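1. what shape does this take:
(one chain, ligands or ions: 1)
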Amino acid sequence: MIYPEAIRWSADGRSIDLIDQTLLPEVETRLQLRTSDEIAHAIRSMQVRGAPAIGIAAAMGVAIEMARHTALSASAFQEKLNDTLQQLAATRPTAVNLFWALERMRACAEQYRERTTGEIACKLYGQATAILEEDRAMCQAIGEHSLSLFPNPATILTHCNAGALATGGLGTALAGVYLAHERGRSVQVFSDETRPALQGSRLTAWELGRAGIDVTVIADNVAGSLMRTRRIDLVIVGADRIAANGDVANKIGTYALAVLAHHHGIPFYVAAPGSTVDLTTPSGDQIPIEERSAEEVRRGFGKQTAPADAKVFSPAFDVTPAELITAIVTERGVHHRPYHDSLRAALSPLEAIV
Ligand code: MRU
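-> Model (predicted):
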């Protein structure tokens, strides 16, 4: 199966090798990052993006940074670790996978606190690698479960990019699409352009297109008319954070899509790993929503598209209430309302933040 490897260790294991997603689809280039400063910049600037990939990048960032400081005393090493965790936690606020991954790294260092700094650094490297590999397996399982929801043939609408570029594996929302295609089923995808950063047209169309999957880009404002005039079997999107009651924060525009799907009687699915479920956040109202820079709207990709002094409101995410979501798919299966019960029952404390 052809899908891009968004993030991995370099061959010599000394750097983090990732696709620079800000340059796609025009240029496909890989970055080699060696410090937590570089990783923090990559996350903030969206060279690496998508909730699972952000978590993986942060975990690898901690590992690579701490490997540079094994000559420090035990207490100075610990101080450096705390600074690095804080630095990476401050990059983007909404995707809970970031905090989940950093917590795993902190707990790992804590567990081996009595060991030498070299041994702790080694354990951190192993933990980051486990986070990457587990994510790959979770994507595969999410794909299998979501495939059970797809008719054959299937016409699917998605938003933003919840594909391979956003994860350590096949993606979340797009994992079932890859598996459907691989198994010879007929699958057609409509991809919302996803203003203002254009993840749908730049990234989803790029990765599905190179896999030979039938993908059509639509401007965001086409979705309603598409649902009214053509057969759309289902909408499937990813998530940045799923609250305990099943409210979902995902890329801005997801909520509008869910309202449209509800109006047209089209199933609306959310696909995400357990690491995106935050049982400590009771509902979507408590999810912090990142605001992006006005320039992304006024002058996206170098073209002046609004007056230079135009006021801009640019939340990066919105919250879709649980009642608009037909089902949530995780690596554990397909979960239905009431999500408070089904998510809690399905996810062990190791997988979800509790
Ligand atoms: O701002 P981004 O590109 O990081 O936002 C990405 C999304 O909203 C995705 O849908 C979400 O992170 C799930 S990715 C598997």
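
2. relative to Glu38, how far out is the closest residue to Phe301 other than its chain neighbours?
-> Among residues not flanking Phe301 along the chain, Leu198 sits closest, at 7.6 Å (C-beta to C-beta, 6 or more residues apart in numbering). Every residue, glycine included, has its C-beta placed from N, CA and C. Distance, Leu198 to Glu38, by C-beta to C-beta, to the nearest Å: 24 Å.

3. mind listing the strands for the stretch 51-200 of the chain?
-> 154-158, 187-192 (DSSP state E, counting those that start in this stretch).

4. mind putting those strands in CSV, distance to the ligand, mean neighbour count and mean pLDDT included?
-> Shown next, in CSV, are the strands of the stretch 51-200 of the chain (distance: least, C-beta to the nearest ligand atom, whole Å; neighbours: other C-beta atoms under 10 Å; pLDDT from 0 to 100):
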stretch, distance to the ligand, mean neighbour count, mean pLDDT
strand 154-158, 9, 24, 98
strand 187-192, 11, 24, 98
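
5. dump those into TSV; add distance to Ala256 as well.
-> Putting the strands of the stretch 51-200 of the chain into TSV (distance: least, C-beta to C-beta, whole Å) gives the following:
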stretch	distance to Ala256
strand 154-158	12
strand 187-192	10
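
6. and the stretch 101-250 of the chain, which residues reach the ligand?
-> Cys160, Ala162, Ala166, Thr167, Thr172, Gln199, Val237, Gly238, Ala239, Asp240, Asn250 (C-beta under 6 Å from any ligand atom).

7. residues touching Ala263, list them.
-> Careful, residue 263 is His; it's not Ala. In this structure, His263 makes contact with Met227, judged by C-beta atoms under 8 Å, 6 or more residues apart in numbering.

8. report pLDDT for it.
-> His263 is assigned a predicted lDDT (pLDDT) of 98.

9. do the same with Leu347
-> For Leu347, pLDDT reads 86.

10. once you drop chain neighbours, what's closest to it?
-> Closest to Leu347 by C-beta to C-beta, 6+ apart is Gly274, at 4.6 Å.

11. likewise for Ala211?
-> In space, Ala211 is closest to Ile2, 4.6 Å off (C-beta to C-beta, 6+ apart).

12. circling back to that earlier point, wait, the residue nearest to Leu347 touches Met138, no?
-> Yes: between Gly274 and Met138 there is a contact at 7.3 Å, judged by C-beta atoms under 8 Å.

13. list residues touching both of these two?
-> Thr330, Glu331.

14. more neighbours: which of these two?
-> Taking neighbours as other C-beta atoms under 10 Å, Gly274 and Met138 compare with Met138 leading, 26 against 22.

15. which of the helices and strands in this structure ranks last by mean pLDDT?
-> Ranked by mean pLDDT, DSSP states H and E, the weakest helix or strand in the chain is helix 339-346, scoring a mean of 94.

16. list the contacts of that one.
-> So helix 339-346 is in contact with 242, 244-246, 274, 277, 279, 322, 325, 328, 330, 332-333, 335-336, 352, going by C-beta under 8 Å, 6+ apart.

17. now that helix - C-alpha only, PDB.
-> This file holds the C-alpha atoms of helix 339-346, laid out as PDB (Å, rounded to 0.1, in the frame of the first residue of the first chain):
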ATOM      1  CA  TYR A 339     -20.300   8.200  24.700                       C
ATOM      2  CA  HIS A 340     -19.700   8.900  28.400                       C
ATOM      3  CA  ASP A 341     -20.300   5.200  29.000                       C
ATOM      4  CA  SER A 342     -19.100   3.600  25.800                       C
ATOM      5  CA  LEU A 343     -15.700   5.500  25.700                       C
ATOM      6  CA  ARG A 344     -15.000   4.900  29.400                       C
ATOM      7  CA  ALA A 345     -15.800   1.200  29.000                       C
ATOM      8  CA  ALA A 346     -13.700   0.700  25.900                       C
END
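
18. show me where the stretch 251-354 of the chain has its strands.
-> 268-271, 277-278, 317-320, 327-330, 333-335.

19. other SSEs contacting the fourth one?
-> In this case it means strand 327-330. Judged by 3 or more C-beta pairs under 8 Å, 6 or more residues apart in numbering; DSSP states H and E, strand 327-330 is in contact with helix 117-147, strand 268-271, strand 333-335, helix 339-346.

20. tell me the most buried of those?
-> strand 268-271 (a mean of 26; mean count of other C-beta atoms under 10 Å).

21. what helices and strands are in contact with that strand?
-> So strand 268-271, by 3+ C-beta pairs under 8 Å, 6+ apart, packs with helix 117-147, strand 234-237, helix 254-264, strand 327-330.

22. closest to Gln32 out of the ones you listed?
-> helix 117-147 (16.0 Å; C-beta to C-beta).

23. give me the angle between that closest one and strand 154-158.
-> Between helix 117-147 and strand 154-158, the angle comes out at 130 degrees (axes from the mean of the first three to the mean of the last three C-alpha atoms, to 10 degrees).

24. just give the nearest non-adjacent residue to the residue of the chain found nearest the ligand, would you?
-> Of all residues in the chain, Gly238 sits closest to the ligand, at 2.7 Å by C-beta to the nearest ligand atom. Leaving aside its chain neighbours, Gly238 sits nearest to Ala162 (2.7 Å; criterion: C-beta to C-beta, 6+ apart).
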